[in-house]
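In: got a sequence here, can you model it:
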Amino acid sequence: SLLQALREKVVADVDIYLLKVKLDDKNPYIYKPQISKGRVTESKYYEDLCAKIMITELNSSRSTNYLRNERASFLKELKSKTDAVKSLVPRMKGRFIYFFGGKEQARLVLGNKVFHSSSGDSAFNDFVAGLIDELGAINALNEGLTIPNVDGIFIVHMTTKLRDFIQRLGRAIRYRDNFKAKCYIISCVGTMDYVWTKRVLQESKLKFTEVTLK
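Out: Numbering: from 1, shown residues only. So this is what the prediction gives:
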């Protein structure tokens with residue numbers, strides 16, 4: 001398997017970095033009155049949503065699946081992560097594929113250099129041809145599709161499945177002489193996003209380094 005190949009160094013080695021950010025507690029851009037009153041920050045909204053899940057579970061037998069789904073959806077395209085990645089893109093050296101939580105997040109960070117269900121193939125073809133060095137995706141590049149000379153991947157939203165992570169990592173670890181791939185994963189500490197991300201990384205048994213972004 002690809003995971004065995006990684007562990008046994010059959011494919012290119014990879015440096016994995018878990019980049020940690022915090023929920024924004026200053027910009028009240030979220031308006032979801034069913035959860036919080038008025039416009040609130042990411043931090044306040046997440047706090048209110050988690051409290052609502054806990055209170056519902058304690059005081060009734062009603063399912064909290066809809067609230068948990070809302071939390072998972074909220075964590076996919078956090079502005080705090082979007083802004084952090086956008087600032088890092090110019091500093092990436094080499095050819096990178098970025099895996100986003102949604103189409104709008106991909107657009108905000110990479111503009112039209114994206115490949116997903118409604119983007120068309122232009123950016124994908126340009127990336128394969130070596131005309132551009134960044135390509136944004138959501139799930140379309142998890143498997144299939146041959147892409148040459150990828151130096152690294154940047155996971156802006158980690159799914160809860162080890163299989164997804166390994167397939168994405170597989171994009172950058174084709175063997176080349178004197179080559180070591182890079183994998184950056186951004187995650188929001190103090191949230192389930194960080195819990196899920198750490199769980200997948202620990203399940204992979206691959207070494208990774210945690211870095212706090214300021």
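In: please enumerate the strands of this structure.
Out: 13-21, 30-31, 39-40, 96-99, 114-115, 134-137, 152-155, 180-188, 209-212 (DSSP state E).
In: need these in TSV with mean neighbour count, mean pLDDT and distance to residue 49, can you?
Out: Where C-beta positions appear, they are placed from N, C-alpha and C, glycine not excepted. Output for the strands of the chain, formatted as TSV (neighbours: other CB atoms under 10 Å; pLDDT from 0 to 100; distance: least, CB to CB, whole Å):
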stretch	mean neighbour count	mean pLDDT	distance to residue 49
strand 13-21	18	96	18
strand 30-31	16	94	10
strand 39-40	17	96	10
strand 96-99	23	96	24
strand 114-115	24	94	29
strand 134-137	24	96	27
strand 152-155	25	96	23
strand 180-188	21	96	13
strand 209-212	11	98	24
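In: residue 75 is nearest to which of those strands?
Out: Judged by CB to CB, the one of these that comes nearest to residue 75 is strand 180-188, at 6.9 Å.
In: tell me what angle that closest one forms with strand 13-21.
Out: In terms of direction (axes from the mean of the first three to the mean of the last three CA atoms, to 10 degrees), strand 180-188 departs from strand 13-21 by 20 degrees.
In: quick check: can you name the pairing partners of strand 180-188 and their directions?
Out: If you go by DSSP bridges, strand 180-188 pairs up with strand 13-21 (parallel), strand 152-155 (parallel).
In: give me the contact list for that strand.
Out: When contacts are defined by CB atoms under 8 Å, 6 or more residues apart in numbering, strand 180-188 is touched by residues 12-23, 75, 78, 80-81, 84-85, 88, 94, 96, 150-156, 158, 169, 172-173, 193-194, 197-198, 201, 208, 213.
In: turn the strands of the chain into CSV, including distance to residue 122.
Out: Listed next are these as CSV, based on distance: least, CB to CB, whole Å:
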stretch, distance to residue 122
strand 13-21, 29
strand 30-31, 33
strand 39-40, 37
strand 96-99, 16
strand 114-115, 9
strand 134-137, 11
strand 152-155, 21
strand 180-188, 25
strand 209-212, 34
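In: now the residue nearest to residue 172 when sequence neighbours are not counted: how far from residue 88?
Out: Using CB to CB, 6 or more residues apart in numbering and skipping residues adjacent in sequence, the residue nearest residue 172 is residue 181, 4.0 Å away. From residue 181 over to residue 88 the distance is 17 Å, taken as CB to CB, to the nearest Å.
In: and what of residue 125?
Out: In this view, residue 125 and residue 88 are 25 Å apart by CB to CB.
In: the two - which one has more neighbours?
Out: The neighbour count for residue 125 versus residue 88, taken as other CB atoms under 10 Å, is higher for residue 88 (15 against 12).
In: what stretches of the chain score poorly on pLDDT?
Out: The model of the chain has pLDDT under 70 over residues 140-145.
In: pretty sure residue 166 contacts residue 4?
Out: No - here residue 166 does not reach residue 4: they are 10.2 Å apart, not a contact under CB atoms under 8 Å.
In: show me which of the two is the more surrounded one.
Out: Here residue 166 and residue 4 are compared on neighbour count by other CB under 10 Å; more neighbours surround residue 166, at 21 against 9.
In: give me every residue that touches that one.
Out: Applying CB under 8 Å, 6+ apart to residue 166 gives the contacts 2-3, 6, 204.
In: mind listing the helices for this structure?
Out: In the chain, the helices defined using DSSP state H lie at 2-7, 42-59, 65-76, 79-88, 103-110, 122-128, 162-169, 192-204.
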